[in-house]
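J.: Predicted coordinates and the sequence they were generated for:
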Amino acid sequence: MFVTTKGILLHKTKYSDSSIIVKIFTENFGTQSFIVKNAFSKKSKINYTFFTSLALLEITFDDVILHKLGFLKDVCFSKQYIKIPFDPSRNAILFFYNELLYKLLRNSIEDKKMFELMEKSLIELDTVEKLSPDTHLYFLADLMQTLGICPENDYSLRKPFFSIEENRFSDIFVDNKFFLSEEASTYFSEILNRQHSSFPPKPIRNEVLTGMVHYLIVHNEHIYALDSLGILMELMK
């Protein structure tokens, strides 16, 4: 039976001179893989132009091939990006999200909360008039919550340091990658609370970003490194 569902492109790879394999995280069926034949022909009904980073799609396919390598019957955009392709900061965030989410979801089952978070965050990234310098940090906080690994925000003046390994704020600080400095810990607590009064200097915000990524690496076996992190840290103001 043919089914139609929303999907978000996670990855594509060349399969032959004329074909690609795409991996799509769908709203109703989790992550599915498809062969797209004649992908580089502009005359083809389904071609490579649909399969850009984290493209928001609507796809139709035969559900007998669930979690097997099948073919798409139809593809269209559920929404096309307007601002992201022409904004270096938005584009850097998109590629960061793409690498992170591909590693998280490459073999995922249905997860409608995750799909809702991704779709909402991507649309906001494309449509918001003024991009917050910490859009990606709020996304990571929401992602941690959706994954069920968000730390308890028990920050206080007596426990001003965040311990990545222990998943909590602490009165002890060790100068290594498993702890955030006092200023970064304070800001991380504000991010978890979805509120802050001012933006700290870029080095502090980058410390929070690398700390949150390292936290995800420590607490999720699917993430081991993110090549796009350095580019994002460089481009964000």
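T.: Here it is on my side, so go on. What you are looking at is a predicted structure, and each value in this text was computed from that prediction instead of being measured. Numbering: from 1, shown residues only.
J.: ok, and the closest non-adjacent residue to F51?
T.: Closest residue to F51 apart from its sequence neighbours, by Cβ to Cβ, 6 or more residues apart in numbering: K12 at 4.8 Å. All C-beta atoms are positioned from the backbone trio N, CA, C, and that covers glycine.
J.: can I assume that neighbour is in contact with S19?
T.: No: using Cβ atoms under 8 Å, K12 is not in contact with S19; the gap is 10.7 Å.
J.: For Y102, see how far away G211 is.
T.: 22 Å (Cβ to Cβ, to the nearest Å).
J.: between those two, which one's more packed in?
T.: G211 (22 against 18; other Cβ atoms under 10 Å).
J.: doesn't the more buried one fall inside a helix?
T.: Yes: G211: assigned to a helix according to DSSP: H, G, I helix; E, B strand; the rest coil.
J.: For the most centrally placed residue in the chain, grab phi and psi.
T.: Compute the mean C-alpha point of the chain, and by Cα atoms, centre = their mean the closest residue is Y97, 3.1 Å away. Per-residue torsions, Y97: phi -60, psi -40 (degrees, to the nearest 10).
J.: quick one: contacts for it?
T.: Applying Cβ atoms under 8 Å, 6 or more residues apart in numbering, we find Y97 in contact with 54, 118, 121-122, 125, 136, 139.
J.: which ones among these are found in strands?
T.: Assignment to strands by DSSP state E places none of those there.
J.: okay, those in a markdown table with neighbour count and distance to T31 next?
T.: Below are those laid out as a markdown table (neighbours: other Cβ atoms under 10 Å; distance: Cβ to Cβ, whole Å):
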| residue | neighbour count | distance to T31 |
| --- | --- | --- |
| L54 | 22 | 13 |
| M118 | 24 | 12 |
| S121 | 20 | 18 |
| L122 | 23 | 16 |
| L125 | 23 | 21 |
| H136 | 25 | 22 |
| F139 | 22 | 19 |
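J.: Now tabulate these in CSV and tack on pLDDT and distance to L66.
T.: Formatted as CSV, the contacts of Y97 follow (pLDDT from 0 to 100; distance: Cβ to Cβ, whole Å):
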residue, pLDDT, distance to L66
L54, 98, 22
M118, 98, 20
S121, 98, 26
L122, 98, 24
L125, 97, 30
H136, 95, 32
F139, 97, 29
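J.: which among those residues gets closest to F86?
T.: Nearest to F86 among these: L125, at 13.0 Å, using Cβ to Cβ.
J.: Look up how far F139 lies from that closest one.
T.: The spacing between L125 and F139, counted by Cβ to Cβ, is 8 Å.
J.: Can you give me the end-to-end span of stretch 47-62?
T.: Using Cα to Cα, to the nearest Å, one end of stretch 47-62 lies 19 Å from the other.
J.: Now the nearest residue in space to I84 that is not next to it in sequence: which helix or strand?
T.: Nearest non-adjacent residue to I84, counting by Cβ to Cβ, 6+ apart: R90, 4.5 Å away. Per DSSP states H and E: R90 is located in helix 88-105.
J.: could you dump that helix to PDB, C-alpha only?
T.: Listed in PDB are the C-alpha atoms of helix 88-105, where the atom choice follows Å, rounded to 0.1, in the frame of the first residue of the first chain:
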ATOM      1  CA  PRO A  88      26.200  32.100   5.900                       C
ATOM      2  CA  SER A  89      25.300  31.900   9.700                       C
ATOM      3  CA  ARG A  90      21.900  30.100   9.000                       C
ATOM      4  CA  ASN A  91      23.700  27.800   6.600                       C
ATOM      5  CA  ALA A  92      26.400  26.900   9.100                       C
ATOM      6  CA  ILE A  93      23.700  26.100  11.700                       C
ATOM      7  CA  LEU A  94      21.900  24.000   9.100                       C
ATOM      8  CA  PHE A  95      25.000  21.900   8.300                       C
ATOM      9  CA  PHE A  96      25.700  21.500  12.000                       C
ATOM     10  CA  TYR A  97      22.200  20.300  12.600                       C
ATOM     11  CA  ASN A  98      22.400  18.000   9.600                       C
ATOM     12  CA  GLU A  99      25.600  16.200  10.800                       C
ATOM     13  CA  LEU A 100      24.300  15.900  14.300                       C
ATOM     14  CA  LEU A 101      20.900  14.600  13.400                       C
ATOM     15  CA  TYR A 102      22.200  12.200  10.800                       C
ATOM     16  CA  LYS A 103      24.400  10.500  13.400                       C
ATOM     17  CA  LEU A 104      21.500  10.400  15.900                       C
ATOM     18  CA  LEU A 105      18.800   9.200  13.600                       C
END
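J.: Please consider this matter closed, and thank you.
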